[in-house]
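Visitor: Structure, please.
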Amino acid sequence: MPQSDDALASASAADLAAAVRARSVGALELADAAIARIEALDGPINAVVVRDFDRALEQARAVDRVLAAGVGAGLPLAGVPMTVKECFDVAGLPTTFGLEAFRDYRPAKDAAAVRRLKAAGAVVLGKTNVPTGLADYQTVNPIYGRTNNPHDLARSPGGSSGGAAAALAAGMVPLELGGDAGGSIRVPASFCGVYGHLSSFGIVSLEGHGPPGGGVVVGQAWAAAGPMARTAGDLALALSVLAGPEGRAAKAYGLALPPPRHRRLKDYRVLALTGHPTASLDGEIAAAIETLAANLRRAGAHVARRHDLLPSPARSQALVERFVEVARARLPSADGAPPKATIADWLDCLREQELIRREWDAFFEVFDVVIAPCFATPAFPQFETPDPWPHHNRTLRIDGCDVPFAPQTAWPLYAGMPGLPATAAPVGRTGAGLPIGAQFIGPHLEDMTTIAFAAQVAAAFG
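Guide: Residues are numbered from 1 along each chain as shown. Prediction:
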């Protein structure tokens, strides 16, 4: 493959790994080139905020030695330089979640997902920026400062994987590890014009992605790890490395994700969603999704705009809000009043969540993919005043009107609350040149279907 800096900066992770395995380029050469790009480009963007270049160069040399010995031909990510979201533990590096109280915390071992990436041959150059407590759709915190969108430095790169998306969009690295529940992969991917995948909840271990200081995440009900990349094919490659049981579950369980449902666009059954009862939508995003729907119809796909089996967006959002209300009840109140929610309320939430999941199961017997916005707007101008989630004090300008910020979180939570896989993909640009992304939502554990659909859309329509 060509070895110019431009070629290395734009190549896919799959192509880079193939070149390293073929020994047409060295892992050390790729690491050096990526480090040079970070040092040259990252100043005004501020994406790669924890740098581990010396150890990364040692990792790269180790990959080259393994390949020289003829025993590394099976490394799927051989020599791929990448970064990981700051909230994933990397031994010896800070994991702070952007919280001042944890500025000095250094975990002793890698997160499970990081271990898997390194074992597959990836070279981890450092960590990318996050919002304070992972609780914003822009990326700023008191430890590392603010990350800016490479397409327009005055705008947000999204959050909470905002540093990850910015690093990808700027050409610093071809692959990233992110995390998502309420849009933390998909919103940054859409704002920065890259790909991101919210994996089916539970298939990628969250060991080492917990509160700083060794806190415990109870199950994997509230977040999912997933890859971010510049191509859909790289999402599939990375997910094949990341997915699988860890810890006690690995003693008995394996994971075999089913293949994509279809190999041709004309075989897909698609529902395109541009309206929501509680959230708004920018007209240019709606138009981009309408254009994609029309293109899919011309390609022979079955495209619907509504169906009785589609789970109610209003009901889903009402459950999200009830979950938040119940979860907050465990926090101490200012006046010492007893909690306003009980264990019965919590169990009611879980029951309703399962009922909605079953509705999705029935829906996906008739359809393969839902196309929906990742967020209500393209990348918005940075907010200077902090307003922690759910951002009740913010407004967004949408089609000339000021609307409340908080209801717009309904778009990413539509897939996040039931734990469905959703692939964010670029689908256009605004008149001002900002990226427009959409999410392709699919059935539980059929992650490869939404990723393949994204790849086929890109191949067919650009």
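
Visitor: okay but Glu34 is in contact with Ala170, surely?
Guide: Actually, residue 34 is Ala rather than Glu. No. Using CB atoms under 8 Å, Ala34 and Ala170 do not qualify as a contacting pair, with a distance of 11.4 Å. C-beta coordinates here come from the backbone N, C-alpha and C atoms, glycine included.

Visitor: Those two: which is more packed in?
Guide: Using other CB atoms under 10 Å, the more surrounded residue of Ala34 and Ala170 is Ala34, with 29 against 24.

Visitor: Skip the chain neighbours and tell me the closest residue to the more buried one.
Guide: Pro81 (3.8 Å; CB to CB, 6 or more residues apart in numbering).

Visitor: Okay, the one you found and Pro227: tell me how far apart.
Guide: Noted for Pro81: a distance of 15 Å to Pro227, by CB to CB, to the nearest Å.

Visitor: List the residues that contact the residue nearest to Ala34.
Guide: Pro81 makes contacts with 16, 30-31, 33-35, 56, 60, 122-123, 125, 173-174, as judged by CB atoms under 8 Å, 6 or more residues apart in numbering.

Visitor: hey, what's it bridged with?
Guide: When assigned by DSSP bridges, Pro81 has beta-bridge partners Val123.

Visitor: How about Pro435?
Guide: Note on Pro435: beta-bridge partners Arg429, judged by DSSP bridges.

Visitor: what number of residues lie near it?
Guide: Pro435 has 22 neighbouring residues, counting by other CB under 10 Å.

Visitor: Surely it and Pro426 touch.
Guide: Yes. Under the criterion of CB under 8 Å, Pro435 makes contact with Pro426 at 5.6 Å.

Visitor: Could you tell me which residues touch both of those two?
Guide: Listed as contacting both Pro435 and Pro426 by CB under 8 Å, 6+ apart are 190, 193.

Visitor: Touching, Pro245 and Glu207? I think so.
Guide: No. Contact between Pro245 and Glu207 fails when scored by CB under 8 Å: they sit 10.8 Å apart.

Visitor: quick one, which of the two is more surrounded?
Guide: Applying other CB under 10 Å to Pro245 and Glu207 shows that Glu207 carries more neighbours, namely 21 against 16.

Visitor: tell me, what residue is most central in this structure?
Guide: Nearest to the geometric centre of the chain sits Ile185, at 2.2 Å (CA atoms, centre = their mean).

Visitor: residue contacts, that residue?
Guide: Contacts for Ile185 were tallied using CB under 8 Å, 6+ apart; they are 161, 164, 178-179, 196-198, 226, 228, 424.

Visitor: nearest to Ala288, of those residues?
Guide: The closest of the contacts of Ile185 to Ala288 turns out to be Ala424 (CB to CB; 13.1 Å).

Visitor: Quick check: which element contains the closest one?
Guide: If you go by DSSP states H and E, Ala424 is part of strand 422-429.

Visitor: List of residues touching that strand?
Guide: Outside strand 422-429, the residues that touch it by CB under 8 Å, 6+ apart are 185-187, 189-190, 193-198, 232, 235, 284, 287-289, 291-292, 374, 415-416, 435-442, 447, 450-451, 453-454, 457-458.

Visitor: Is it possible to mark the buried ones in those?
Guide: With neighbours counted by 16 or more other CB atoms under 10 Å, the contacts of strand 422-429 contain buried members at 185-187, 189-190, 193-198, 232, 235, 284, 288-289, 292, 374, 415-416, 435-442, 447, 450-451, 453-454, 457-458.

Visitor: Could you tell me which of the residues you listed are located in strands?
Guide: 195-198, 435-441 (DSSP state E).

Visitor: any chance of these in TSV, with pLDDT and distance to Ala410 too?
Guide: Formatted as TSV, these follow (pLDDT from 0 to 100; distance: CB to CB, whole Å):
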residue	pLDDT	distance to Ala410
Tyr195	98	23
Gly196	98	19
His197	98	20
Leu198	98	15
Pro435	98	21
Ile436	98	18
Gly437	98	16
Ala438	98	15
Gln439	98	13
Phe440	99	18
Ile441	99	13
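
Visitor: right, and out of these, which lies closest to Ala301?
Guide: After measuring those against Ala301 - CB to CB - the closest member comes out as Phe440, at 12.4 Å.

Visitor: Just list whatever residues bridge to the closest one.
Guide: Ile371, Thr423.

Visitor: Residues contacting stretch 13-27, please?
Guide: Outside stretch 13-27, the residues within contact range by CB under 8 Å, 6+ apart are 1, 3, 8, 11, 30, 59-61, 63-64, 67-68, 72-73, 75-82, 121, 123, 174-175, 229, 231, 233-234, 237-238.

Visitor: Among these, which ones are in helices?
Guide: Among those, the ones falling in helices (DSSP state H) are 8, 30, 59-61, 63-64, 67-68, 233-234, 237-238.

Visitor: Most neighbours among those, please name it.
Guide: Highest neighbour count within those: Ala238, with 31 neighbours (other CB under 10 Å).

Visitor: can you count the residues close to the residue nearest to that one when sequence neighbours are not counted?
Guide: Leaving aside its sequence neighbours, Ala238 sits nearest to Pro227 (CB to CB, 6+ apart; 3.5 Å). Neighbourhood size, Pro227 [other CB under 10 Å]: 30.

Visitor: who touches Pro227 in this structure?
Guide: Counting by CB under 8 Å, 6+ apart, Pro227 touches 175-178, 196-197, 234-235, 238-239, 242.

Visitor: Same list (the residues you listed) but as TSV, adding distance to Thr395.
Guide: Output for the contacts of Pro227, formatted as TSV (distance: CB to CB, whole Å):
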residue	distance to Thr395
Leu175	35
Glu176	30
Leu177	33
Gly178	27
Gly196	26
His197	30
Asp234	36
Leu235	33
Ala238	36
Leu239	36
Leu242	37
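
Visitor: nearest to Trp411, of those?
Guide: Nearest to Trp411 among the contacts of Pro227 is Gly196, at 14.3 Å by CB to CB.

Visitor: and the closest one, what does it touch?
Guide: 161, 165, 178, 180, 185-186, 188-189, 226-229, 235, 423-424 are the contacts of Gly196 under CB under 8 Å, 6+ apart.

Visitor: Ignoring the adjacent residues along the chain, who's closest to it?
Guide: Using CB to CB, 6+ apart and skipping the chain neighbours, the partner closest in space to Gly196 is Ala189 (3.3 Å).
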